[in-house]
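*Asks:* Could you look at this predicted model? Sequence included:
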Amino acid sequence: MPTAIKLNRRRRGGDSSSSSAIMSVKHAKPNFSQSQVAELVKRLFRLTASEIRSLPSYDDQNFHVLAVEGGEYVLKIMNSEDSKNPSLVEVQTYAMSFLHQNGLPAQTALPTTLGQLMSLEEIDCGYGCQKYLVRLLTYLPGITISKAPLTPQLLYETGKTAARMDKILQEMEHPHLSMLQREKFIWSLSNVPLLEAYINVLDGDPLQEVVKSVIHQYKTSVVPKRSNFRKCINHGDFNDLNVLVQPDESDGHRISGILDFGDMNSGYYIHELAITVMYMMTEHPKPIEVGGPVLAGWESVLPLNEAERDCLYVLVLSRFCQSLLLARYSVTLHPENAEYLMISTRKGVQFLCQLWELGKEQVEKVWFQSAAQFSDK
């Protein structure tokens with residue numbers, strides 16, 4: 001299911017229960033018309049839509065809805081495959097609410113007229129009757145962080161917010177929490193060796209050797225140290241399109257929203273940090289300079305232990321490999337979505353190769369020295 005480069009409100013891999021890591025079921029993505037959306041909003045939430053605008057998404061459908069009664073919302077219609085796993089979606093929805101209650105800017109779901117936070121709707125949107133989970137979420141103001149100047153201060157706040165998020169999620173209790181043990185989830189940084197099943201999509205591309213080398217480094221240098229990583233619940237997709245910002249009073253920006261909890265999984269704190277560093281790099285003119293401020297912000301909440309610190313470089317590279325390789329694979333399944341799928345691969349290949357050529361020692365020196373200087377300010 002994901003595209004490979006997580007997109008705006010979503011770009012995910014499959015659930016642990018699915019045999020395929022990538023969405024390959026034909027017609028699983030919903031294709032609701034605006035009139036069907038208006039009917040859903042009216043029937044389920046007693047709201048009259050005055051304006052409906054489609055939002056980007058790979059495997060779901062998202063709509064920005066303005067209501068005559070007042071208010072802005074996001075109607076999220078999940079693909080028919082994910083809709084078969086309501087317990088997982090329930091945990092994700094609860095996590096958003098839990099973060100909101102604990103002071104982080106996450107969306108919350110509005111109850112239907114029956115008091116439910118999601119509704120399973122059987123509708124024909126062109127492929128015969130299929131079932132889709134529908135939720136109406138609060139609309140968060142702001143622009144994606146990809147459109148804002150990534151100043152060191154904003155990168156620091158991004159790292160700090162990511163750490164706060166995981167620390168809060170670790171306190172969450174829910175009867176279906178075990179659903180987050182997604183053992184074969186291709187987007188989990190615990191499952192980097194699963195990428196070997198997709199490596200042939202890079203046949204003839206020099207990038208293939210880099211990806212193979214990173215996977216080898218992961219198996220030899222990360223896996224043996226994993227027992228020393230601290231466990232947590234990961235958002236799993238803290239990327240440049242899932243973080244919203246608004247202007248602040250000091251001519252900078254502050255974080256105003258955290259989107260897309262579809263990749264949540266049981267993982268490790270260091271995974272979230274690596275994911276955050278990697279995606280912030282894709283929007284920065286000097287990507288190697290990103291790691292220091294993000295790391296400093298993270299460690300202001302959760303200082304790394306020795307094993308976590310030693311594995312950060314390879315984990316960042318591993319996330320690049322997941323993103324680039326699965327993007328290429330998804331394009332073979334969905335060539336009509338090539339432009340959307342490859343959204344972050346354009347620079348990603350260059351950045352991955354640059355980091356690999358610089359090597360662990362040189363990159364860590366830049367990151368850790370910069371983080372130390374930032375923290376001393």
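*Replies:* Noted; the coordinates are in hand. Worth saying up front: this structure is predicted, and the values here are computed from it rather than measured.
*Asks:* can you map out the helices along the stretch 201-350 of the chain?
*Replies:* Secondary structure of the stretch 201-350 of the chain, counting by DSSP state H, counting those that start in this stretch: helices at 207-217, 269-281, 291-299, 306-333, 338-341, 345-358.
*Asks:* Wait, a strand at Glu121?
*Replies:* Yes. Assessed with DSSP: H, G, I helix; E, B strand; the rest coil, Glu121 lies in a strand.
*Asks:* what about this structure, any weak spots by pLDDT?
*Replies:* Across the chain, the ranges flagged by pLDDT under 70 are 1-27, 336-346, 375-377.
*Asks:* all strands of it, in order?
*Replies:* Per DSSP state E, the chain carries strands over the ranges 49-55, 61-67, 72-77, 109-110, 119-124, 129-138, 143-144, 231-234, 243-247, 253-258, 265-268.
*Asks:* What count of nearby residues applies to Ile215?
*Replies:* When neighbours are defined as other Cβ atoms under 10 Å, Ile215 has 21 of them. C-beta: built from backbone N, CA, C; applies to glycine.
*Asks:* which residues does it contact?
*Replies:* Going by Cβ atoms under 8 Å, 6 or more residues apart in numbering, Ile215 touches Val192, Pro193, Leu195, Glu196, Ser318, Cys321.
*Asks:* what's the closest of the strands of the chain to His174?
*Replies:* Checking the strands of the chain against His174 by Cβ to Cβ gives strand 231-234 as the closest, at 10.1 Å.
*Asks:* Output the contacting helices and strands for the closest one.
*Replies:* Packing partners of strand 231-234 (3 or more Cβ pairs under 8 Å, 6 or more residues apart in numbering; DSSP states H and E): helix 152-169, strand 265-268, helix 269-281.
*Asks:* partner strands of it, parallel or antiparallel?
*Replies:* strand 265-268 (antiparallel) (DSSP bridges).
*Asks:* How about residues contacting the partner strand?
*Replies:* By Cβ under 8 Å, 6+ apart, strand 265-268 touches 180-182, 185, 187-190, 226, 229-234, 236, 308.
*Asks:* do stretch 195-207 as well
*Replies:* For stretch 195-207, the surrounding residues in contact (Cβ under 8 Å, 6+ apart) are 186, 208, 211-212, 215, 321-322, 324-326, 328-329, 332, 349, 352-353.
*Asks:* Give me the buried stretch members for it, please.
*Replies:* Leu195, Tyr198, Val201, Leu202, Leu207 (16 or more other Cβ atoms under 10 Å).
*Asks:* Stretch 185-196 too?
*Replies:* Buried positions in stretch 185-196, judged by neighbour count with 16+ other Cβ under 10 Å: Phe185, Ile186, Trp187, Ser188, Leu189, Ser190, Asn191, Val192, Leu194, Leu195.
*Asks:* Can you measure across that stretch, start residue to end residue?
*Replies:* One end of stretch 185-196 sits 14 Å from the other (Cα to Cα, to the nearest Å).
*Asks:* Give me the distance from it to the chain's centre.
*Replies:* A distance of 15 Å separates the centroid of the chain from that of stretch 185-196, by Cα atoms, centre = their mean, to the nearest Å.
*Asks:* Contacts only, for Arg43.
*Replies:* By Cβ under 8 Å, 6+ apart, the neighbours of Arg43 are Thr113.
*Asks:* that older thread, using neighbour counts, trim the contacts of strand 265-268 to the buried set.
*Replies:* The neighbour-count criterion (16+ other Cβ under 10 Å) marks 180, 182, 185, 187-190, 229, 232-234, 236, 308 among these as buried.
*Asks:* Closest one to Tyr58 out of those residues, please.
*Replies:* Among the buried ones among the contacts of strand 265-268, Trp187 lies closest to Tyr58 (Cβ to Cβ), at 12.6 Å.
*Asks:* And that closest one, its phi and psi?
*Replies:* The phi/psi pair for Trp187 (degrees, to the nearest 10) reads phi -90, psi 0.
*Asks:* Surely it touches Asp263?
*Replies:* Yes. With contact defined as Cβ atoms under 8 Å, Trp187 counts as touching Asp263 (5.3 Å).
*Asks:* Asp310 versus the residue nearest to Cys311 when sequence neighbours are not counted, what's the distance?
*Replies:* Closest residue in space to Cys311, ignoring its immediate chain neighbours: Val222 at 4.8 Å, by Cβ to Cβ, 6 or more residues apart in numbering. Look at Val222 and Asp310: by Cβ to Cβ, to the nearest Å, they are 9 Å apart.
*Asks:* if you count what's nearby, which of these two comes out ahead?
*Replies:* Higher neighbour count among Val222 and Asp310: Val222, with 22 against 17, using other Cβ under 10 Å.
*Asks:* Name the nearest residue to the spatially most central residue of the chain, sequence neighbours excluded.
*Replies:* Geometric centre of the chain, nearest residue: Asp237, 1.9 Å, by Cα atoms, centre = their mean. Nearest non-adjacent residue to Asp237, counting by Cβ to Cβ, 6+ apart: Asp263, 4.1 Å away.
*Asks:* OK, contacts around the closest residue to Val301 other than its chain neighbours?
*Replies:* Nearest residue to Val301 in three dimensions, chain neighbours excluded: Ala163, at 3.7 Å (Cβ to Cβ, 6+ apart). Residues counted as contacts of Ala163 (Cβ under 8 Å, 6+ apart) are Tyr269, Glu272, Leu273, Gly297, Trp298, Glu299, Ser300, Val301, Leu302.
*Asks:* Next: Gln34.
*Replies:* Gln34 makes contact with Ile52 under the criterion Cβ under 8 Å, 6+ apart.
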